[in-house]
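Student: Sharing a model that was predicted from the sequence below.
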Amino acid sequence: MNIVILAAGQGKRMNSILPKVLHPLAGKPMLGHVLDTVMTMGHELKPCLVLGHGQSQVEEFLEKKQYPTSIAIQEEQKGTGHAVLQAMPYVSDDETTLILYGDVPLIQVQTLQSLLRLAQDGAFVILTQELEDPTGYGRILRNLESEVIGIVEEKDASPEVKQIREINTGIIACSTQDLKKWLNQLEPNNAQGEYYLTDIVGLAAKQGVPIRTIHPQFGFEVEGVNSRGQLAQLERVWQGHLTKQLLIQGVTLLDPARIDIRGNFTCANDVMIDVGCIFEGDVEIASGVTIGPYCVIKDSKIGAQTQIKAFSHLEGAVIEEMAIIGPYARIRPGTNIGKQAHVGNFVEVKNSNIGQGSKANHLSYVGDADVGEQVNIGAGTITCNYDGVNKHRTTIEDHVFIGSDTQLVAPVTVGKGATIGAGTTLTKDAPAGKLTISRAKQLSVDWKRPLKSTPKD
């Protein structure tokens, strides 16, 4: 199978220096959605992208994500037929060719598989749709036997043709040998003076090639984006589709209209998600988790029965079962929070392991640390992990109690069962089972607070 993806358009209505196909929808460039869908159809596939405007930026994106593609360049914008023609040197003659669009991001793999099945015997297959208001789209022309005989673009359509509600989505599959022949027969005899890809439908009909149509399962699959307004509208449609699937699988959303999923979101049943939450990247949530309002969770895994309280931010973290996070906690990349551990309000944890049952409930920073089980970290404690050049680790063994307002100057180790007195600045290892305290001697002296001088008249 050959796959050609048209992504050469400038997208003037986006008013952006970013190529249209790289504008994000649900946290991913539109072109990324199309490519990810294609790759699920077979890892051996190597789609051909037709690029033009913003070529270097698109190629940089492809290289960064390591998509296996070939590139064809459309130097001049002469229409969709001309764009597809540029890809023909990169496709195999004895395969079916599927044509997709980089600004039609939400096409589903099931629809494409159905399209390709209908094209297996050399038929020409068009993805069409019935619209209440077909304004702006090319219309499907049929004869008295309901056979497709052509497509007329909106600007070339008569008033009678404009009454037709079946529209062309532009997504087609056909024999590559036929496609090459038809492309070379195209003429720019239209209002735009362009080589329309849609004109090959009439050529196929005259040749007697069977022309079949199929509708997508969901209307959003064929919605294209030409402006930021359309992009925002499609974003909301897609988010609505995702939340509907969550509700079906047993997730409670206190307001389905106030949640955003921007990546790969896996969520078990009996999860409760409050309003205003954002999920980015790869997020996996186990059964029984509750997530409070206005949390942001990115590239993280959350274990069963865990509570994520309001306004907490998690990124690149693993939270194990029955932990309690927040409110107002920040969990940064490289952090693993153990079972039944507590990370409370205004606590930041970075690149650290917090053991089972350990607690840091208030106003603390734990960075580059390995914290054992059943440790209590008092309010205002910080690990001083950075010397201005290098990061150093702190080790806190099991059953340690650390008093409030303690500074642990890494590299340092606190032994098992040790107690660190409040206000201590620990610069040396603290032995296991002992109280370690570093605190200036308390003094009381005779002293009077200065008074404000009285202004003179």
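Tutor: Ah, there it is. As the structure is a prediction and not an experimental result, all values here were calculated from the model.

Student: ok but residue 229 is inside a helix, no?
Tutor: Yes: applying DSSP: H, G, I helix; E, B strand; the rest coil, one finds residue 229 inside a helix.

Student: and residue 246, backbone torsions?
Tutor: phi -60, psi -40 (degrees, to the nearest 10).

Student: shouldn't it be in contact with residue 267?
Tutor: Yes: the pair residue 246 / residue 267 is scored as a contact, 6.0 Å apart, by C-beta atoms under 8 Å. All C-beta spots, glycine's among them, are computed from the backbone N, C-alpha and C.

Student: The two: which has the busier surroundings?
Tutor: A count of neighbours by other C-beta atoms under 10 Å puts residue 267 above the other of residue 246 and residue 267, at 22 against 19.

Student: Mind pulling the model confidence for the closest residue to the more buried one other than its chain neighbours?
Tutor: The spatially closest residue to residue 267, leaving aside those adjacent along the chain, is residue 285, at 4.7 Å (C-beta to C-beta, 6 or more residues apart in numbering). Residue 285 is assigned 98 on the pLDDT scale.

Student: Can you pull the domain assignment for the protein?
Tutor: Domain ranges of the chain: 2-222, 228-436, per automatic domain parsing.

Student: Quick check: which ranges of the stretch 351-457 of the chain have low pLDDT?
Tutor: Segments of the stretch 351-457 of the chain classed as low confidence (criterion: pLDDT under 70) are 457.

Student: which residues touch residue 85?
Tutor: 183, 184, 195 (C-beta atoms under 8 Å, 6 or more residues apart in numbering).

Student: Regarding the closest residue to the first one other than its chain neighbours, what is its secondary structure?
Tutor: Excluding the flanking residues, the one nearest residue 183 by C-beta to C-beta, 6+ apart is residue 85, at 4.7 Å. Local secondary structure at residue 85 is given as helix here, using three-state DSSP.

Student: Tell me how far the nearest residue to residue 393 once chain neighbours are set aside lies from residue 51.
Tutor: Excluding the flanking residues, the one nearest residue 393 by C-beta to C-beta, 6+ apart is residue 368, at 4.9 Å. To residue 51, residue 368 is 44 Å away according to C-beta to C-beta, to the nearest Å.

Student: Among the contacts of residue 85, the buried ones, what's the PyMOL command?
Tutor: Buried residues within those, by 16 or more other C-beta atoms under 10 Å, are selected in PyMOL with:
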select buried, resi 183+195
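
Student: Spit out the contact partners of the closest residue in space to residue 222 that isn't next to it in sequence.
Tutor: For residue 222, ignoring the flanking residues on the chain, the nearest one in space by C-beta to C-beta, 6+ apart is residue 169 at 4.0 Å. Residue 169 is in contact with 104, 126, 127, 128, 129, 216, 222, counting by C-beta under 8 Å, 6+ apart.

Student: Kindly report the same for residue 224.
Tutor: 101, 103, 104, 170, 230.

Student: Compute the number of surrounding residues for the second one.
Tutor: As a burial measure, the neighbour count of residue 103 was computed by other C-beta under 10 Å and equals 23.

Student: does it count as helix, strand or coil?
Tutor: With three-state DSSP as the basis, residue 103 sits in coil.

Student: circling back: of residue 368 and residue 51, who's got more company?
Tutor: Counted by other C-beta under 10 Å, residue 368 and residue 51 do not tie: residue 51 has more neighbours, with 26 against 18.
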